[in-house]
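Q: Here is the input, now give the coordinates:
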Amino acid sequence: MRIPESELIINGDGSAFHIHVKPEELADNVILVGDPGRVDMVAEFLTDIEFRHQSREFVSTTGKYNGKRITVLSTGIGTDNIDIVMTELDALANIDFNTREIKPEHRTLTILRIGTTGAIQPDIPLGSYIFSHYSIGCDGLINWYADRDKISNNAMEDAFIRHVGWDKHLPTPYFVKAGKSLIERFEDCTVKGVTISACGFYGPQGRVIRLPLAMPDMVEKFESFRYGEYRITNFEMESSAVAGLARHLGHEAGTVCCAIANRHLGSSNTDYKPHVRGLVKLALDKLTE
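A: Down below sits the predicted model:
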């Protein structure tokens, strides 16, 4: 089936519409970062840099680490941008941009998001690295796609909705597990995370500035939720879409974040860049070992 030009827009230079990466420029290992400035920080660890593209918040480069190609791409903030990035990365890997048809052999990407996060458990200190074994999508993105129940842990989802007293006006949350191989690579050096992926920084993460919340006690309810060996560890804004779309599209994906705040303790660290740099080095080592 030929994909119409209106559905998959390809730039005149043969690159994906938003991220401006060409099929031949994409490595099998991809690091996603939110901050466009963080792409250059990751690139400092790379050799044999092939290019650097920038379009809006989407900055990209490909180089080598330990002899393996790595593509680094910034996404900006939010799951809406992840919908763009993950779809276009998959298209670069699995759509022939000349014929606009799906390639007969599927190419699997390994996609790791590296970010910052706010912990909600009192025993997670600032500077901790949290790998999201599960991501809880409170954004609603995956609900727009068919078969969302096939990728969500529905029993865990139901237990969470009951425990929190989920407001009926909010998007139904979904629970997606990270790729097995990435979980195994990071389990000996990170906190075992269950991550709330919120659609905003203030109200959707339980912050009150001037407006009251629909669920005033939601942070406390998140903190007290337990499901077998799992507890909710942190907030961020992209991991659920990364995990969910990767699962649908047949890619291996996960999120690892550095805790720069602790909501339970009311603490934060604005001088977190050295910790993030350490996380980048760890992530590169794990991806290429």
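Q: all strands of the stretch 151-289 of the chain, in order?
A: 174-177, 191-197, 226-227, 230-231, 234-236, 252-262, 267-268 (DSSP state E, counting those that start in this stretch).
Q: Tabulate those strands (CSV), appending mean neighbour count.
A: To be clear about C-beta, it is placed using only N, CA and C from the backbone, and glycine gets the same treatment. Below are those laid out as CSV (neighbours: other C-beta atoms under 10 Å):
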stretch, mean neighbour count
strand 174-177, 24
strand 191-197, 26
strand 226-227, 14
strand 230-231, 16
strand 234-236, 26
strand 252-262, 25
strand 267-268, 14
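Q: what mean pLDDT would you report for stretch 85-97?
A: Averaging pLDDT along stretch 85-97 gives 98.
Q: Correction: the previous question concerned stretch 266-278.
A: Mean pLDDT, computed over stretch 266-278, is 88.
Q: got the contact list for it?
A: 38, 41, 114, 116, 118, 126, 127, 258, 260, 261, 262 (C-beta atoms under 8 Å, 6 or more residues apart in numbering).
Q: Just the element for the fifth one, please.
A: In this structure, residue 118 sits in strand 110-119 according to DSSP states H and E.
Q: the strands in the stretch 1-150 of the chain, which residues?
A: Assigned by DSSP E, counting those that start in this stretch, the stretch 1-150 of the chain shows strands spanning 29-33, 47-55, 58-65, 68-74, 95-96, 101-102, 110-119, 129-137.
Q: Pick the most deeply packed of those.
A: Mean neighbour count (mean count of other C-beta atoms under 10 Å) peaks for strand 129-137 among the strands of the stretch 1-150 of the chain, with a mean of 26.
Q: ok, residue 220 - how many residues close by?
A: By other C-beta atoms under 10 Å, 15 other residues sit near residue 220.
Q: got it, and residue 206?
A: 21.
Q: Please apply the same query to residue 240.
A: 32.
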